[in-house]
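Undergrad: Make a model of this:
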Amino acid sequence: MIVKPTAEGLAASATAARTGGLPPVHLWNPPFCGDLDMVIKRDGTWFYEGTPIGRKELVRLFSTILKIEDGAYFLVTPVEKVGITVEDAPFVAVDFEVSGSDQTLTFETNVRDRTIAGTDNPIRVVRDPETGEPAPYVHVRAGLEALIDRKSFYRLVDLGETDTVGGVDWFGVRSSGVFFPIIPASDLKEV
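TA: Numbering: from 1, shown residues only. Okay, here's the model as predicted:
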């Protein structure tokens, strides 16, 4: 008899597997148990069976067992792996702090992850080909990204500067000594 995975079962397994800190999901390769009716919306809200998950601690727990493989998202425990839907990025960067002489940017996500933008956690910006609207992201962990919210992106732009990358002048931002291009400097006149 095949048992359909549930959010409650996953939460119980994830809680049992926790030893402090983030679980070693990169080491877990359990069998695929099917898809779960769970969606992470573009604004970072998690839904289960069409209803928002209101318990922040439960969302945090699920976020710690999230894994991406070949562009698909899964919640994994040592004994099961279920597919979920992510509309854009699984996390939203809701704030950041600036520190140090090398302008280190430390982002905080909607699920309380903290990530320092730099070589290992780059910032990237994708522009909508039709509207030119930017969608900025920062890498959080293990291939998982956070969409940088609008207020934080505006604050980043205030820190921006121009630099040459690959022979092209770019407007961008620095963190931990690394320059992250946002938009070609020639396009700034259009904005």
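Undergrad: now G177: how far from G160?
TA: G177 sits at a distance of 16 Å from G160 (criterion: C-beta to C-beta, to the nearest Å). For every residue, glycine as well, the C-beta is placed using N, CA and C.
Undergrad: And those two? Which one has more around it.
TA: Ranked by neighbour count (other C-beta atoms under 10 Å), G177 and G160 place G160 first, with 16 against 12.
Undergrad: give the contact list for the more buried one.
TA: By C-beta atoms under 8 Å, 6 or more residues apart in numbering, the contact set of G160 is 171-173, 182.
Undergrad: can you give me the helices for this protein?
TA: Secondary structure of the chain by DSSP state H: the helices cover 7-17, 56-64, 150-158.
Undergrad: any idea which of these scores lowest on pLDDT?
TA: Ranked by mean pLDDT, the helices of the chain end with helix 7-17 at the bottom, a mean of 60.
Undergrad: And stretch 141-159, how far out from the chain middle?
TA: 10 Å (C-alpha atoms, centre = their mean, to the nearest Å).
Undergrad: can you check stretch 170-183 too?
TA: Centroid separation for stretch 170-183 versus its chain: 19 Å, with C-alpha atoms, centre = their mean.
Undergrad: neighbours around G83, how many?
TA: G83 has 16 neighbours, counted by other C-beta under 10 Å.
Undergrad: wait, it sits on G34?
TA: Yes. Using C-beta atoms under 8 Å, G83 makes contact with G34 at a distance of 7.2 Å.
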